[in-house]
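Colleague: What would the 3D arrangement of this be:
(chains A and B)
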2 protein chains.
Amino acid sequence: MNIIIDAMGTEKGPGVIIDGINEIAEEINDCKIYLIGDSKLIDESLQLSGKTIIPKHEIIHTDNNITMHDSPTKVLANKMDSSIAVGINLAKDLDNSVFISMGNTGAIMAFSLKIFGRIKGILRPALGTIFPVGRHPLFLDFGATPDCKPEILYQFAIIGSEYMKSAMGIEDPVIGLLSIGSEEKKGSVLTQKTFKMISNDNSLNFYGNIEGNDLFEDKVDVIVCDGFVGNVILKFAEGIIDFIKKGLKEIADSSIISKAGMGLAKKGLKNYFKKLNYDEYGGALLLGVNGISIIGHGNSNAKAISSSVLYGKKLIEHDFINHVKKRIETRSSDEN
Amino acid sequence: MNIIIDAMGTEKGPGVIIDGINEIAEEINDCKIYLIGDSKLIDESLQLSGKTIIPKHEIIHTDNNITMHDSPTKVLANKMDSSIAVGINLAKDLDNSVFISMGNTGAIMAFSLKIFGRIKGILRPALGTIFPVGRHPLFLDFGATPDCKPEILYQFAIIGSEYMKSAMGIEDPVIGLLSIGSEEKKGSVLTQKTFKMISNDNSLNFYGNIEGNDLFEDKVDVIVCDGFVGNVILKFAEGIIDFIKKGLKEIADSSIISKAGMGLAKKGLKNYFKKLNYDEYGGALLLGVNGISIIGHGNSNAKAISSSVLYGKKLIEHDFINHVKKRIETRSSDEN
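Modeller: The predicted structure follows:
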């Protein structure tokens, strides 16, 4: 198995990636690691930290780099020699491979779509991520496809179900459709039509509609929504967590007694907020493309990188892409 | 001015409404209060509490009642003698009036649309509510119109702007369009087209797109989105507040030290969560109809009811409905 990692994507430099790989060296001793990026910088990182890369690996040098400010359409035209493009091209050429980057999400999406292409029959890609509450469901789409049709959301349900089988080992994942009101006839025209399509597919374990507050309940393994709603929700969740952290600081500053109290509760609070972060879940995934692209946060720590690598490995081992292909093909032939 | 209140809507019975009215008796001594509902029950409430209703008032008896479980379409057909229908009919007949209910939102919406009708030129109604963070903006729509066209969202911007002028005394309210990405060209087809329409109206103070995390920032006075996204967000916010309250309890239970700490910080925490509740903001409003319908929570306390009454009075005093009419008319004649 081939784990291809963009060494240029993290805010912290290649060092944190090397740490992330080394932490799980034994678990990935059957994989080959490709580190893509400025080889001088990677070497410097190794020298500075006095570390080596433990698993079997190869460093592939690239000169060009994509920053967080680059526009996806522009990089497509003139950064085919960037670590992201080179990495995805390598992932396409090698069997049993996964590409991982902590870089510019738009650029990774654009190159993945261009180089991997969509899986035959898949109408649109989706960005998926694990929602760290409730049953820890896969939440998709959170931004790849803002304008969806029922067929597109229905395919997201299929892809999500296959992902939870492959990556999480869940036998018969429960699908929830994000809507307003729990009854079939509630919601937008889009969700009402999608409800019917998912209901009619007996191979999917459909819970029905779930509402915004249900996201915190232990109800479903996959949450399906369009990329507009998904992105608004995810940004809102980020905002509220920041807001509450600030609020807790305000509370601590409101009186000496509150300060003392919050001081004592600090460990508990820290552990609590730790539960809400995404590090354990290997970042986001671009789903629907003919290859595996995992997108981590730019400020990922070593733990987050280890997780991405392990999830990527699981997806290869469980033949995730081929499972999706088979499901989409079967569905297409059903329709003919 | 006429304040018409559904006495049957609250979970706590008419007593809490009487308290709410009496608390602001002086501020509304230029209004007449109509209490609509089971006069026997209202009398019993008065006797039990040993209270009287202080402001000028009249009790209008109704036999039929709408519960939270009644479907809006059914009540339209067979509950025209309910406190909600009778109250809205009265608000329609009397000049300078507002209808307030803490009852079934769907039923209040349905009767308001049927009896008041839409303001001429208004395409669809919106549910608006004050978002208790940031600049405390009006957030609309949160559920009346799940499927919107650009013209509809554009009208929501106009209505929202007029509401913030009338109810909050803000001279030139700043409008934000909820979208994904801050640039004009980001978002769904719907928000991109809406962006253009709002931009082209020089009488609106348009901030541009705002994202999910911006809702917590001090950026805008009005947040415009379709009723699907709005409802998902609002339910999500309710869910996350419950989730965090549970989390804080968990933290307190995690160790003796945490428990002691959270105990000390209790007052600060309580004050903090108090800021996040809606009691002060007079509930939700059905906007776009030719009359004022304010919808409170079923579990409203006296404070929430006082607030609803005072906001209702302000909307009458500032001639809110006529301002919206004028704006919509001007716009329609611009187009001809």
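Colleague: Which parts of the stretch 1-150 of chain A are strands?
Modeller: Taking DSSP state E, counting those that start in this stretch as the test, the strands found in the stretch 1-150 of chain A are A:2-6, A:32-37, A:57-61, A:97-101, A:126-130, A:138-140.
Colleague: Quick check: which of these is nearest to residue A:217?
Modeller: Each of the strands of the stretch 1-150 of chain A was scored for nearness to residue A:217 using CB to CB, and the closest is strand A:138-140 (13.8 Å). Using the backbone N, CA and C atoms, a C-beta is placed for each residue, glycine as well.
Colleague: helices or strands up against that closest one?
Modeller: Applying 3 or more CB pairs under 8 Å, 6 or more residues apart in numbering or on different chains; DSSP states H and E, we find strand A:138-140 packed against strand A:126-130, helix A:150-168, strand A:222-224, helix A:227-254.
Colleague: and the ones you listed, which is most packed in?
Modeller: strand A:222-224 (a mean of 30; mean count of other CB atoms under 10 Å in any protein chain shown).
Colleague: Quick one: check that one for contact with chain B.
Modeller: No. Contact of strand A:222-224 with chain B (CB under 8 Å from any CB of the partner chain) is absent, the minimum separation being 10.9 Å.
Colleague: The helix or strand bottoming out on mean pLDDT in chain A - contacts with which helices or strands?
Modeller: Ranked by mean pLDDT, DSSP states H and E, the helix or strand of chain A with the weakest confidence is helix A:266-275, at a mean of 74. The contact analysis (3+ CB pairs under 8 Å, 6+ apart) places helix A:266-275 against helix A:227-254, helix B:227-254, helix B:256-264.
Colleague: Quick check: buried residues in the last one?
Modeller: In terms of neighbour count (16 or more other CB atoms under 10 Å in any protein chain shown), helix B:256-264 has its buried residues at B:258-259, B:261-262, B:264.
Colleague: Contacts for that helix, please.
Modeller: With CB atoms under 8 Å, 6 or more residues apart in numbering or on different chains as the test, helix B:256-264 has contacts from A:257-258, A:260-268, B:248, B:251-253, B:269.
Colleague: Could you identify the most distant pair in the residues you listed?
Modeller: Top of the distance list for those (CB to CB): A:257 and B:253, 20.6 Å.
Colleague: What residues does the residue nearest to residue A:142 when sequence neighbours are not counted make contact with?
Modeller: Excluding its sequence neighbours, the residue lying closest to residue A:142 (CB to CB, 6 or more residues apart in numbering or on different chains) is residue A:230, at 3.7 Å. The contact partners of residue A:230, by CB under 8 Å, 6+ apart, come to A:127, A:139-143, A:178.
Colleague: shaky segments in chain A?
Modeller: Along chain A, segments meeting pLDDT under 70 span A:275-282, A:332-336.
Colleague: Can you show me the CA trace of the least confident helix or strand of chain A as PDB?
Modeller: Presented in PDB, the C-alpha positions along helix A:266-275 are these (Å, rounded to 0.1, in the frame of the first residue of the first chain):
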ATOM      1  CA  LYS A 266      -9.900  23.500  33.900                       C
ATOM      2  CA  LYS A 267      -8.900  19.900  33.400                       C
ATOM      3  CA  GLY A 268     -12.500  18.800  32.900                       C
ATOM      4  CA  LEU A 269     -13.200  21.600  30.500                       C
ATOM      5  CA  LYS A 270     -10.100  20.800  28.500                       C
ATOM      6  CA  ASN A 271     -10.900  17.200  28.200                       C
ATOM      7  CA  TYR A 272     -14.400  18.100  27.100                       C
ATOM      8  CA  PHE A 273     -13.300  20.400  24.300                       C
ATOM      9  CA  LYS A 274     -10.800  17.800  23.200                       C
ATOM     10  CA  LYS A 275     -13.700  15.500  22.500                       C
END
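Colleague: List the buried residues for that helix?
Modeller: Across helix A:266-275, burial judged by 16+ other CB under 10 Å covers A:266, A:268-269, A:272.
Colleague: Can you measure across stretch A:121-141, start residue to end residue?
Modeller: By CA to CA, to the nearest Å, the extent of stretch A:121-141 from end to end equals 18 Å.
Colleague: This completes my enquiry, with thanks.
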